[in-house]
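J.: Got a predicted structure here, sequence first:
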Amino acid sequence: MARQIYLDNAATTGVHPEVLDAMVPYFLEDYGNPSSLYEFGQQAKADITEARSRIAAHINATDRDIYFTAGGTESDNWALKATADAYKDKGRHIITSAIEHHAISHSAEWLEKQGFEVTYLPVDSEGIIDPATLEAAIREDTILVSIIHGNNEIGALQPIKELAAIAHAHGALFHTDAVQSIAHVPIDVEELGVDMLSASAHKFHGPKGIGFLYIRKGVRTRSFEHGGAQERKRRAGTENVPGIIGMAKALDIAMANFEQRTAYELELRDYLIERVLAEVEHVRLNGHRTKRLSNNVNFSFEFIEGESLLLSLEQRGIMASSGSACASGSLDPSHVLLAIGLTHEIAHGSLRLSLSEKTTRDDIDYTIDAIKEVVVNLRKMSPLYEDFLQGKKAISAVK
Amino acid sequence: MAYSDKVMDHFSNPRNMGELENPSGVGTVGNAQCGDIMRVYLDIDDNNVVRDVKFKTFGCAAAVATSSMATELVKGKTIQEALQVTNDAVCEALDGLPPVKVHCSLLAEEAIHAALWDYAEKNNIVIEGLKKPKTDIHEDEEDAEEY
């Protein structure tokens, strides 16, 4: 079989075999409904209660503050919409950033249509929010601040602790989307001081379709799904028992080797960044050099377009992603890349490579060689590169 | 993105990619903002036949494949025949494009028209049926993204 290198772990990850093993009995044998009164159901309830407790411990939360959801998108929607609804009599102003995942930014835009006012904080050229901008934007009627912890595209890590403190000083709640950062950055909800936090299992070798929203006790958020009394009446629907068991197991595994795994990813990440910046011309690293997720790399290659880059890499067995418009099917490139000040041309030539502990140095060497070859080929085909070379020739001719 | 085998073939092995030294006409269309730019070079002989054609494209696989296919379709043709190479013809020759990518085929048609326009201007002639091409085919396009 041709070589396959999966470098899109920010999109999703493979389920860890031990996670699957832990889940299987809950499909085949212990399939009881946790709401049933007989022992068969109550055992399932006990098992998800225990799983909830383990998950809570990994982020230093109280058990009852973990609410299971269908994943990151639902958690983000819940945190924004239901909280806005619950606090709308206090105020109708919400603050978020220009580099949120669409689960937040599109929810915020929807809230704007419902009469809320939203401020989108800018980021600097490295994708970091200056806490002073939050201090300047926050108002008496600000009810909620939601800032992504580790950005899904450029990996930039935000100063959540400082931002949350500012929100609290002004009486606003603070939510963070930690979908990319959990299992890559230590998360302690007390230390960070967040009121709500979103996570999704499939980003850390758990199953798809399961995640959670941490909601600190005392936060008045509305029910997001109406129906049965599950999740303390806040999120109705029969619990995804195998998913919950799998998510807890995946987080256990991820946290058990946290230091070693993230150190390994970080070393490979830096090796990849340094070699590409040194060996390829007209390339830039998107996102902060060090304040970034341990598994995230994002480059922009000038004069070439992202979808062509992705398909060319795929032909060499490498799976990655791009913020180009063509790759997403819209006409605009990634809002995150535009927010850090890239021109459309440069944003179109972006490439995100996201590693995992299964990525080897040999994979990275192979990928760097492929990138170098593909970039040369695509530039040969690029009228922008031709213009650049002619412009350069003209300049050197003058000298 | 589900591309046909033909699109992938033309993307992976583009025909007529490159530049011409002394072209009879050159046309560049599209804009980098939207993510695609196409440049076509034509070499037209005394009998009004497209003797040679080359292209360069900054864009997605559909943009590259449509440029490649369009150059194949006009090579060896008369100017009038080249004018008849429409975006539909290019699309059809590629066994179709995903709906979101059909606009890329407009670019190929426009690039050829732009090169012919350049040729006509340089030689002070009028090519029957050729209108001044839009250099930016995206200008009337709206973002149809929904959420």
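T.: On my side now, so go ahead.
J.: what residues does chain B put near chain A?
T.: Proximity of chain B to chain A, by Cβ under 8 Å from any Cβ of the partner chain, involves residues B:1, B:8, B:11-12, B:14, B:17-19, B:28, B:32-39, B:56-64, B:100-101, B:138, B:141, B:143, B:145, B:147. Backbone N, C-alpha and C define where each C-beta goes, glycine included.
J.: now those residues: which count as buried?
T.: B:1, B:11, B:14, B:17, B:28, B:32-39, B:56-64, B:101, B:138 (16 or more other Cβ atoms under 10 Å in any protein chain shown).
J.: What are the buried residues along stretch A:200-210?
T.: Buried residues in stretch A:200-210, defined by neighbour count with 16+ other Cβ under 10 Å: A:200-210.
J.: who touches it?
T.: With Cβ atoms under 8 Å, 6 or more residues apart in numbering or on different chains as the contact definition, stretch A:200-210 has outside contacts at A:9-10, A:12-16, A:19, A:23, A:68-73, A:75, A:179-180, A:182-183, A:211, A:240, A:242-244, A:246-247, A:249-251, A:253-254, A:356.
J.: Which strand or helix spans the residue nearest the centre of chain B?
T.: The centre of chain B sits closest to residue B:108, judged by Cα atoms, centre = their mean, with a distance of 2.2 Å. Counting by DSSP states H and E, the element that carries residue B:108 is helix B:102-123.
J.: how close does the residue of the stretch 51-200 of chain A found nearest chain B sit to residue A:128?
T.: Going by Cβ to the nearest Cβ, chain B is nearest to residue A:106 of the stretch 51-200 of chain A, at 5.0 Å. Distance, residue A:106 to residue A:128, using Cβ to Cβ, to the nearest Å: 23 Å.
J.: More neighbours: the two, which one.
T.: Neighbours were counted for residue A:106 and for residue A:128 using other Cβ atoms under 10 Å in any protein chain shown; residue A:128 has more, 19 against 16.
J.: Kindly confirm my reading that the more buried one forms part of a helix.
T.: No: looking at residue A:128 with DSSP: H, G, I helix; E, B strand; the rest coil, it is coil, so not inside a helix.
J.: Would you mind listing the residues in contact with it?
T.: Counting by Cβ under 8 Å, 6+ apart, residue A:128 has contacts A:156-159, A:288, A:291.
J.: switch to 10 Å and redo it
T.: Neighbouring residues of residue A:128 by Cβ atoms under 10 Å, 6 or more residues apart in numbering or on different chains: A:99, A:151, A:156-159, A:287-288, A:291-292, A:340.
J.: cool, and residue A:238?
T.: Counted by Cβ under 10 Å, 6+ apart, residue A:238 has contacts A:33-36, A:44, A:227-228, A:230.
J.: JSON lines for those residues, including secondary structure, neighbour count and distance to chain B?
T.: Formatted as JSON lines, the contacts of residue A:238 follow (DSSP: H, G, I helix; E, B strand; the rest coil; neighbours: other Cβ atoms under 10 Å in any protein chain shown; distance: Cβ to the nearest Cβ, whole Å):
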{"residue": "A:33", "secondary structure": "coil", "neighbour count": "16", "distance to chain B": "34"}
{"residue": "A:34", "secondary structure": "coil", "neighbour count": "18", "distance to chain B": "34"}
{"residue": "A:35", "secondary structure": "coil", "neighbour count": "14", "distance to chain B": "34"}
{"residue": "A:36", "secondary structure": "coil", "neighbour count": "14", "distance to chain B": "38"}
{"residue": "A:44", "secondary structure": "helix", "neighbour count": "24", "distance to chain B": "36"}
{"residue": "A:227", "secondary structure": "coil", "neighbour count": "11", "distance to chain B": "25"}
{"residue": "A:228", "secondary structure": "coil", "neighbour count": "14", "distance to chain B": "29"}
{"residue": "A:230", "secondary structure": "coil", "neighbour count": "18", "distance to chain B": "28"}
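J.: Could you identify the pair within those that is furthest apart?
T.: A:44 and A:227 (18.0 Å; Cβ to Cβ).
J.: okay, now the nearest residue to residue B:86 once chain neighbours are set aside: neighbour count?
T.: Distances taken as Cβ to Cβ, 6 or more residues apart in numbering or on different chains put residue B:109 closest to residue B:86, at 5.8 Å, once the chain neighbours are dropped. By other Cβ under 10 Å, the residues close to residue B:109 number 23.
J.: Just confirm residue B:109 contacts residue B:71, I think it does.
T.: No: judged on Cβ atoms under 10 Å, residue B:109 makes no contact with residue B:71 at a distance of 11.9 Å.
J.: Mind jotting down where the strands sit in chain B?
T.: With DSSP state E as the criterion, chain B has strands at B:25-31, B:36-44, B:50-58.
J.: ugh, typo on my part, it should be chain A
T.: Counting by DSSP E, the strands of chain A are A:5-6, A:66-69, A:93-97, A:117-121, A:142-148, A:173-177, A:196-200, A:211-215, A:283-285, A:296-301, A:318-319, A:350-354.
J.: by contact count, what packs against the fourth one?
T.: Spelled out, it's strand A:117-121. strand A:93-97, helix A:102-113, helix A:131-137, strand A:142-148, helix A:335-339 (3 or more Cβ pairs under 10 Å, 6 or more residues apart in numbering or on different chains; DSSP states H and E).
J.: Export these to a markdown table and append columns for distance to residue A:258 and mean pLDDT.
T.: As requested, the helices and strands packed on strand A:117-121 are exported to a markdown table (distance: least, Cβ to Cβ, whole Å; pLDDT from 0 to 100):
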| stretch | distance to residue A:258 | mean pLDDT |
| --- | --- | --- |
| strand A:93-97 | 27 | 98 |
| helix A:102-113 | 25 | 97 |
| helix A:131-137 | 27 | 98 |
| strand A:142-148 | 21 | 98 |
| helix A:335-339 | 26 | 95 |
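J.: For those, give me TSV that also has distance to residue B:117.
T.: Shown next, in TSV, are the helices and strands packed on strand A:117-121 (distance: least, Cβ to Cβ, whole Å):
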stretch	distance to residue B:117
strand A:93-97	46
helix A:102-113	41
helix A:131-137	49
strand A:142-148	48
helix A:335-339	33
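J.: Give me the buried subset of the contacts of stretch A:200-210.
T.: Using 16+ other Cβ under 10 Å, the buried ones in the contacts of stretch A:200-210 are A:9-10, A:13, A:15-16, A:19, A:23, A:68-73, A:75, A:179-180, A:182-183, A:211, A:240, A:242-244, A:246-247, A:249-251, A:253-254, A:356.
J.: Alright, I will stop here.
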